[in-house]
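Novice: Task: produce atomic coordinates for the following.
(chains A and B)
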2 protein chains.
Amino acid sequence: MQREIENIAAVEENAPSTRELRYVAGADLGGTNLRLALADLSGKILTRWSTSTVGLRGPEAVIQRICSGVRSMLQEVSASCELLRSIAIGVPGVADVENGIVVATSYLMGWRDVPLGALIESELNVPAVVDNDVNMAAIGERWAGSAKDARDFVFLAIGTGIGAGIVLNGNLFRGSSWAAGEIGYMLLPGAAQIPSTSDEPGALESMIGGEGIKAQWKKLRISEEEVSNATEIFDLALDGNPRALTLLHQSATMLTQAIYNISLILNCPLFVLGGTVGLHLALCDAVQRMLGRWNVPGNPQVVRSTLGPDAQLLGSLRFALDSTRTCNRLS
Amino acid sequence: MQREIENIAAVEENAPSTRELRYVAGADLGGTNLRLALADLSGKILTRWSTSTVGLRGPEAVIQRICSGVRSMLQEVSASCELLRSIAIGVPGVADVENGIVVATSYLMGWRDVPLGALIESELNVPAVVDNDVNMAAIGERWAGSAKDARDFVFLAIGTGIGAGIVLNGNLFRGSSWAAGEIGYMLLPGAAQIPSTSDEPGALESMIGGEGIKAQWKKLRISEEEVSNATEIFDLALDGNPRALTLLHQSATMLTQAIYNISLILNCPLFVLGGTVGLHLALCDAVQRMLGRWNVPGNPQVVRSTLGPDAQLLGSLRFALDSTRTCNRLS
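Specialist: Next comes the predicted model:
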């Protein structure tokens, strides 16, 4: 028995072929769902796990769900907890990546300064890293999606909220207080002239975020069509519904203006649209046409995310893999 | 005599105390003026030279002026041309820094793809580097001005044109086609809804650039005060002139909106205002007050340039000094 253990240790340290014996976990924590995935060290996803986060109140409950999901996935692949090397968690808010702290969230009952990384680490006994979920999606797109190996690009997540993950010189740019890319508050022609308070949706968000588009639809009033979400409105636009087309045009104009403004500042060659609203073909088509007519420095390309709703989760796996390497280097 | 030369060569290569025996030149090339400075390798300015560029047509004439100015400065300090180590030229347009090419300018009769670096190099026989003049100003402010040693900041040049020099992680961020920071075209509430063509002033520029403010003043019509430039209007505002105060408020609002939008994207802690309009105390005060009332992530500070009109020139000297070091390392 002793000999067997020694053999395994030797193999683990020297032979790359046994990388599969270790694992990383990625988590995409949202206001409605928690989604997890387990991968081997080559990045291959072995299993997934998900649960609802609706009604969860404190961080403790969320942490328990995350840990229970991770243990369940490890059990599914018949692996002991010791074989987990790291976990990365994408959160819907501003995260201090260096210290693993969730600084603020709009969802999750408005967490403030929650040391999520440390709490998960002490529970699972593995290094835990934390980042904003849109940043995670950008990492995912650069790893395996529409921005594969891109040096500079911006991932735009357009769902209920709106945010940008900015990759410059091959690295995420997070800003001096971890809040880079909070473009949902951008001031644009036709929107509010002064910023909304932090409790209200941002100027851009209130126009083209999922809820914003639904609110605009209600304002049109004359329409009797019942819609449950923004993508249904864009579907109606594809069917030729005139009011839906008006709203699609209005949303595409504002999104194009936002992309234009970001381009002026960053001179970035690629924008990847993600999120439930951003993934809609009609919106992307309309933005591409409009941007093509405008005179934008560097003629940036606009494409849809190929990873779709998986971008965040894949990004968190990639981030977990990278943090494993950092830990290995440091140890 | 032979011995004396040998001695000098030995001293030059080994003793730091003889750094003063070598020089760098910086140039600030504008639509109306060319300003030059000569410094020793410690960065101390020894002399300056300037001339008008009004009516100059091709690059050849500009290059001749630059070279003649450099030679005149060297002569003034009784130095031979061989002691010049490098020259850096700030240009009013987009510059391909890697290849020393002026890609495009709004002034200087609209240069396109002019290999200014190579042309100056072959004329003066020293390495010549080229960058956008607002980028040069940012380098200057970081070296010796309001952003001394700042890791992340944005220099905003507000004169006839408007541009930003963006420093991230201690380095200039220039964008994928050298056009980062072209914020004069930013789309904002109250300005144009779609971009202007490249031959027209940008949306922001046409409102708060020097000419833009003068145009707004004329639109007010009811005013009979004659003004020759935008800063005079802001002076009138300081004297309590109600129409000037209206225009100051309008300009400050748009500038604050622009700073707010840049902050959302870059989460940058410091903005330095420069350029003839940007340097005006009344504008900076109004922007500081307005931004203080808004909820801006990271609470960025807004300050005026302490280098004033010298920012570009000092930046070009710093850039020349840095390029000397690069050349030394490479050789």
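Novice: residue ranges for the strands of chain A, please.
Specialist: Assigned by DSSP state E, the strands in chain A fall at A:23-29, A:33-40, A:45-52, A:84-91, A:93-96, A:101-105, A:112-114, A:128-132, A:153-158, A:162-168, A:171-173, A:270-274, A:301-304.
Novice: Walk me through the domains of chain A.
Specialist: Domain assignment of chain A by automatic domain parsing yields the ranges A:19-136, A:146-306.
Novice: got a list of what A:Ser52 touches?
Specialist: Shown in contact with A:Ser52 (CB atoms under 8 Å, 6 or more residues apart in numbering or on different chains): A:32-34. Using the backbone N, CA and C atoms, a C-beta is placed for each residue, glycine as well.
Novice: Equivalent analysis for A:Thr324, please.
Specialist: Residues near A:Thr324 by CB under 8 Å, 6+ apart: A:24, A:41, A:85-86, A:127.
Novice: remind me which residues of chain A are low pLDDT?
Specialist: Residue ranges of chain A with pLDDT under 70: A:1-20, A:198-199, A:221-224, A:326-331.
Novice: returning to that earlier point: closest to A:Glu60 out of the strands of chain A?
Specialist: Among these, the nearest to A:Glu60 by CB to CB is strand A:112-114 (10.0 Å).
Novice: which secondary structure elements does that closest one contact?
Specialist: For strand A:112-114, the packing partners by 3 or more CB pairs under 8 Å, 6 or more residues apart in numbering or on different chains; DSSP states H and E come out as strand A:101-105.
Novice: hmm, who's touching the strand it packs on?
Specialist: A:59, A:91-96, A:110-117, A:130, A:177-178.
Novice: circling back: can you redo the strands of chain A as a markdown table with distance to B:Ile158?
Specialist: Listed next are those as a markdown table, based on distance: least, CB to CB, whole Å:
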| stretch | distance to B:Ile158 |
| --- | --- |
| strand A:23-29 | 42 |
| strand A:33-40 | 46 |
| strand A:45-52 | 51 |
| strand A:84-91 | 38 |
| strand A:93-96 | 30 |
| strand A:101-105 | 32 |
| strand A:112-114 | 37 |
| strand A:128-132 | 32 |
| strand A:153-158 | 26 |
| strand A:162-168 | 25 |
| strand A:171-173 | 25 |
| strand A:270-274 | 28 |
| strand A:301-304 | 30 |
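Novice: Which one, of these, ends up nearest to B:Ala244?
Specialist: strand A:162-168 (37.9 Å).
Novice: Could you tell me how far the closest one lies from the centre of the chain?
Specialist: 9 Å (CA atoms, centre = their mean, to the nearest Å).
Novice: counting contacts, what elements does that strand pack onto?
Specialist: The elements that strand A:162-168 packs onto, with contact taken as 3+ CB pairs under 8 Å, 6+ apart, are helix A:133-144, strand A:153-158, strand A:171-173, helix A:242-266.
Novice: and the stretch 101-250 of chain A, which residues reach chain B?
Specialist: Residues of the stretch 101-250 of chain A lying close to chain B by CB under 8 Å from any CB of the partner chain are A:151-152, A:164, A:166, A:168, A:173-183, A:185-195, A:197-198.
Novice: hmm, back to that, I'd like the domains of chain A as a markdown table, with distance to B:Thr306 appended.
Specialist: Formatted as a markdown table, those follow (distance: least, CB to CB, whole Å):
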| stretch | distance to B:Thr306 |
| --- | --- |
| domain A:19-136 | 32 |
| domain A:146-306 | 21 |
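Novice: coming back round to it: of the contacts of strand A:101-105, buried ones?
Specialist: Burial of the contacts of strand A:101-105 was assessed by neighbour count (16 or more other CB atoms under 10 Å in any protein chain shown); the buried members are A:59, A:91-96, A:111, A:114-117, A:130, A:177-178.
Novice: Report how far apart the opening and closing residues of stretch A:177-186 are.
Specialist: The straight-line separation of the ends of stretch A:177-186 (CA to CA, to the nearest Å) is 18 Å.
Novice: residues making contact with it?
Specialist: Residues contacting stretch A:177-186 (CB under 8 Å, 6+ apart): A:94-97, A:103, A:132, A:134-135, A:154, A:156, A:161-166, A:173-175, A:195-196, A:201-205, A:209, A:258, A:261-262, B:260-261, B:264-267, B:269, B:297-298.
Novice: Repeat that for stretch A:241-248.
Specialist: A:213, A:216-217, A:220, A:222-223, A:225, A:233-237, A:282-283, A:286.
Novice: And that stretch, what's buried?
Specialist: Neighbour-count burial for stretch A:241-248 flags A:241, A:243-245, A:247-248 (criterion: 16+ other CB under 10 Å).
Novice: next one: stretch A:28-40
Specialist: A:28-31, A:34-40.
Novice: which of these sit farthest apart?
Specialist: The most widely separated members of those are A:Gly31 and A:Asp40, with 30.0 Å between them, by CB to CB.
Novice: which strand residues sit across from A:Ile101 in the sheet?
Specialist: Taking DSSP bridges as the rule, A:Ile101 bridges to A:Asp96.
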